[in-house]
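# My questions are about this predicted structure, shown below with the sequence.
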Amino acid sequence: MDHLIIVTGGSAGIGHALLATAPEPSHRITVSRRAADDVAPGFIEADLAEPRSWARVGDVLDAVATEREWQRITLVQAAGTLAPIGFAGEVEPGAYERNLLLNAAAPLVLGHRFLGAVSHLRCRRELVVLSSGAARKDYPGWSSYCAAKASVDRWVSTVGAEQQQRGGVRVLSIAPGVVATGMQEVIRDTDARDFPEVERFRALHAEGALLEPAAVARALWGVLDDEEPSTGATLDLRDRIR
């Protein structure tokens, strides 16, 4: 099968695991600040916290979507950051802005560009955005991250309803759970003043309760192989890994 797979943030963490466990045969591309030659021969260098990069990445999406007659095209938006962790009004303003641009604005802008790029195609088309339980729960110290993930979930729900009316792209928001990535290391190193729930995450690590990235990635690909859920759904992968 001629399957085009594009993953943002594919050089590390869940994004890297998604490319490493991707269905074969496939043509894999990462959109990130660093290449991931071991799992993806294709590389689009971009810092998605910088709005000036979005148009260029969108133009590449337009180009690769039509460079051949793909049988399946999948975009997974896995790029994200928790930094800066701390209360609103107390952290550095520029870092807070970059958090919102990467976690909230970039997925919507690039999702919009992707939908336009594949709208005229007849192949199987999928758009996945990684969400988080933080979209539905207050975590003091994560205000920008929580708000960003909530906005992504609402965007997926709304766009999914649109695609049911016309377009036919399967659009999903998937929360992977607590995964053993660099992001969790950052959390555990945070002072309790900036993140009062830090001890909970330290305990999860000590108990060996963190999910492995490869297991999460395989579960996500399994979701896409199922006929359900339908477009516009928000899922928690932990229900499929246990």
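Great, that's in hand.
# and the end-to-end length of stretch 162-174?
With C-alpha to C-alpha, to the nearest Å as the measure, stretch 162-174 spans 19 Å from end to end.
# which residues touch it?
With contact meaning C-beta atoms under 8 Å, 6 or more residues apart in numbering, stretch 162-174 is reached by 111, 115, 118-119, 124-131, 152-153, 156-157, 159-160, 220, 223-224, 229-237. Backbone N, C-alpha and C define where each C-beta goes, glycine included.
# Backbone dihedrals for the residue of the chain positioned farthest from its centre, please?
Distance from the centre of the chain peaks at R193, with 28.2 Å (C-alpha atoms, centre = their mean). Backbone torsions of R193, given as degrees, to the nearest 10, read phi -70, psi -40.
# likewise L130?
Given degrees, to the nearest 10, the pair of backbone angles that L130 has is phi -70, psi 130.
# What is the neighbour count of the residue lying closest to it once chain neighbours are set aside?
Among residues not flanking L130 along the chain, A78 sits closest, at 5.0 Å (C-beta to C-beta, 6 or more residues apart in numbering). If you count neighbours by other C-beta atoms under 10 Å, A78 ends up with 27.
# what packs against the host helix or strand of A117?
Under the criterion of DSSP states H and E, A117 resides in helix 106-118. Applying 3 or more C-beta pairs under 8 Å, 6 or more residues apart in numbering; DSSP states H and E, one finds that helix 106-118 contacts strand 3-8, helix 52-65, strand 72-77, strand 124-130, helix 143-165.
# Which one, of the ones you listed, ends up nearest to N103?
Comparing these against N103 with C-beta to C-beta, the closest turns out to be helix 143-165 (3.4 Å).
# Next, the angle from the following helix or strand past the closest one to strand 124-130.
Next in sequence after helix 143-165, counting helices and strands by DSSP H and E, comes strand 170-175. For strand 170-175 against strand 124-130, the angle by axes from the mean of the first three to the mean of the last three C-alpha atoms, to 10 degrees is 20 degrees.
# Give me the buried positions along strand 170-175.
R170, V171, L172, S173, I174, A175 (16 or more other C-beta atoms under 10 Å).
# Over to stretch 109-124?
Quick answer for stretch 109-124 (16+ other C-beta under 10 Å): V109, L110, G111, R113, F114, L115, A117, V118, R124.
# Can you tell me, leaving aside adjacent residues, what's nearest to V128?
According to C-beta to C-beta, 6+ apart, the nearest residue to V128 is V76 (4.5 Å).
# who's in contact with that neighbour?
Contacts of V76 (C-beta under 8 Å, 6+ apart): I5, I6, V7, T8, G15, L18, V128, V129, L130, L220.
# Could you dump these into TSV and include pLDDT and neighbour count?
Shown next, in TSV, are the contacts of V76 (pLDDT from 0 to 100; neighbours: other C-beta atoms under 10 Å):
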residue	pLDDT	neighbour count
I5	98	23
I6	98	27
V7	98	30
T8	98	26
G15	97	28
L18	98	30
V128	98	23
V129	98	25
L130	98	27
L220	97	25
